[in-house]
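Visitor: Turn this into a structure:
(one chain, ligands or ions: 1)
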Amino acid sequence: MSVRDRYGNDVTDEDSVLLACDAALADGDVVTDPDRLASYVRDRSLGSDAGQPFAVVFPRTTEQVSAVLQAAHKYRVPVVPRGAGSGLTGGSNAIDGSLILCVEKMREVLCVDEANGYVETQPGIFNTELRDHVAKYGLWYAPDPASKDFCSIGGNVNTNAGGLCCVKYGVTREAVLGLEVVMADGRIARLGRRTVKGVAGYDLTGMVVGSEGTLAVVTMARLRLRPLPPPATTAVAVFDDLYAAGKAVEAVMGALTPSMLEVLDQSTLKAVEAFKPMGLDTNAGALLLAQVDVPGDAGVADADRLLALCEVAGATETYRSEDPEQAEMLLGARRMAIHALEAMGDWLLDDIAVPRSELATVMAKISDLAGQYDVYIGTFGHAGDGNLHPTIVFPRGDADAEQRALAAFDAMLDLALEAGGTITGEHGVGLLKQKYLARELDPVASALHPRIKEAWDPMNILNPGKSTPLW
Ligand SMILES: Cc1cc2nc3c(=O)[nH]c(=O)nc-3n(C[C@H](O)[C@H](O)[C@H](O)COP(=O)(O)OP(=O)(O)OC[C@H]3O[C@@H](n4cnc5c(N)ncnc54)[C@H](O)[C@@H]3O)c2cc1C
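Guide: Take a look at the predicted model:
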């Protein structure tokens, strides 16, 4: 709809929303300059489409978020909520004619309740900043995505992010006690609880977790804290082949609870070593990197038990690393995996998760796909959770190779589903996985999705066209 102002100029819906935003937000917090907009148009995924937004706004308070959404709702303008843009599925990519609502200026920690073991924070704070803040109280926020230094808590909540220590302490969902959200029409809702237990009403908090900005904008998260864990013992097992490493993961997880259990296959080890030489064994078929955070002798005993299980499964070399510097170097290698593979060319990163009993078979089949489709695949990930990030790399700008990579990506998702797994363990559906979602969901559950969306966002203005199945 377009109207004219008193001078006879067209006033578009977008202009009206901008006027309302200008009135509600501080100077400089409404940006329309195309050069500045460009940095907010897409996330870190490759292969996902991005449209052209007309503005990005940076609210600082819940009331400002509410004012923005009231205006957008009134004029039916699409809004794309955005945290730090580190997503890997296009979830925060702009849509044509959208308003980007970026929470990067909402970074305040509102309270740390030591007695009840939680923190309340605005959503824009980075995961590491929050962890550092609560550490001053001797407390710990567990979920630790490999991107923790540059991803926001709001993004973590909306993707239900996992991380390295989630194998023991659970993913973001397990840490979210309550949320303050702004609904699509600007109403403010407080969801969840402060108590350890609570079952009153439907679990609306849980529904927002992992909803990828399609149901509401998160303006405050109340997150469960734990006492800081003791220093961990690091254990490393080297394998000739990936299948044996997968079998070792199954055995370890059946016997004890490590606080980290990650895998890097040979292609990933080679990529990391080429990216940053650190003496990794690039002849190994796979490397398992584990930690046990049980204090004292019991921790050392657990680490030894873990390594013994790896040896039974076929590890050719095992060792405990008591040296914190060496442990940090190995963790660094794991965190570097995406960057190292990215540096090799164009890439498509997957995020499948499979039952642990299927891990060995699925990893071996993924290696076979590399040969079948003539692409480079580096597989690494949170093996203890059965969550893998096979990353397909192909020469930049090679259209033929891109087609082969897409076909391999497709085949990989089928592998995961056939193994009883999921197309996304932690990154979400966004745009990248949308066309695959209906393959995984039960048809009745699939049909519930649009009805839930309609209940939260009847005008379909919040991140429209993302995350939900394509019918
Ligand atoms: C090198 C690298 C390593 C990574 N490692 C991991 C890992 O180990 N585990 C893991 O889970 N992920 C990982 N990721 C992916 C990414 O960091 C996570 O998905 C993260 O949770 C995204 O947070 P963000 O703040 O960047 O969100 P964005 O990318 O900005 O947004 C992600 C989604 O959340 C929505 N959103 C963001 N903020 C809000 C809000 N306040 N209210 C409503 N909706 C919102 C957006 O609309 C979008 O759908 C990695 C990414 C990279 C680049």
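
Visitor: show me the contacts for residue 392.
Guide: 347-350, 375-377, 405, 408-409 (Cβ atoms under 8 Å, 6 or more residues apart in numbering). In short, each C-beta sits where N, CA and C put it, glycine included.

Visitor: What is the nearest of those to the ligand?
Guide: Nearest to the ligand out of these is residue 349 (Cβ to the nearest ligand atom; 8.5 Å).

Visitor: Now go through the contacts of residue 392 and say which are in helices.
Guide: 405, 408-409 (DSSP state H).

Visitor: re the thing from before, in strands, which of the contacts of residue 392 fall?
Guide: In strands, judged by DSSP state E, the following of the contacts of residue 392 are found: 347-349, 376-377.

Visitor: and of these, the nearest to residue 170?
Guide: Set against residue 170, the nearest of these by Cβ to Cβ is residue 349 (23.2 Å).

Visitor: nearest residue to that closest one other than its sequence neighbours?
Guide: residue 391 (4.6 Å; Cβ to Cβ, 6 or more residues apart in numbering).

Visitor: ditto for residue 468
Guide: residue 449 (5.0 Å).

Visitor: contacting residues for that neighbour?
Guide: 441, 468-469.

Visitor: go with 10 Å
Guide: 214, 437-438, 441, 467-469, 471 (Cβ atoms under 10 Å, 6 or more residues apart in numbering).

Visitor: same thing with residue 187?
Guide: So residue 187 contacts 66, 69-70, 73, 181, 216 (Cβ under 10 Å, 6+ apart).

Visitor: Get me the contact residues on the stretch 151-300 of the chain for the ligand.
Guide: 151-152, 154-156, 158-159, 161-163, 212-213, 217-218 (Cβ under 6 Å from any ligand atom).

Visitor: Nearest spatial neighbour of residue 240, chain-adjacent residues omitted?
Guide: residue 285 (4.8 Å).

Visitor: Can you tell me which of the residues of the stretch 151-300 of the chain next to the ligand comes closest to residue 194?
Guide: residue 218 (17.0 Å).

Visitor: State the distance from the closest one to residue 106.
Guide: Going from residue 218 to residue 106 by Cβ to Cβ, to the nearest Å gives 10 Å.

Visitor: can you map out the helices along the stretch 301-450 of the chain?
Guide: Using DSSP state H, counting those that start in this stretch, the helices of the stretch 301-450 of the chain run over 324-342, 359-373, 399-418, 434-440, 443-456.

Visitor: Out of the ones you listed, which gets nearest to the ligand?
Guide: Among the helices of the stretch 301-450 of the chain, helix 324-342 sits nearest to the ligand (Cβ to the nearest ligand atom), with 4.1 Å.

Visitor: ok, is that closest one in contact with the ligand or not?
Guide: Yes - with Cβ under 6 Å from any ligand atom as the measure, helix 324-342 is seen reaching the ligand through residue 338.

Visitor: Could you pull out the buried residues of that helix?
Guide: When burial is assessed from 16 or more other Cβ atoms under 10 Å, helix 324-342 yields the following buried residues: 327, 330-331, 333-338, 340-342.

Visitor: for stretch 410-424, same thing?
Guide: In stretch 410-424, counting by 16+ other Cβ under 10 Å, buried: 412-413, 415-417, 419, 421-424.

Visitor: can you put these in TSV and add pLDDT and distance to residue 188?
Guide: Listed next are these as TSV, based on pLDDT from 0 to 100; distance: Cβ to Cβ, whole Å:
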residue	pLDDT	distance to residue 188
412	97	41
413	96	38
415	97	44
416	97	39
417	97	39
419	98	43
421	98	38
422	98	33
423	97	34
424	97	30
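
Visitor: Nearest to the ligand: which residue in the stretch 101-250 of the chain?
Guide: Here the stretch 101-250 of the chain gets closest to the ligand at one residue, residue 155, 2.2 Å apart by Cβ to the nearest ligand atom.

Visitor: Tell me how many other residues surround that residue.
Guide: 31 (other Cβ atoms under 10 Å).
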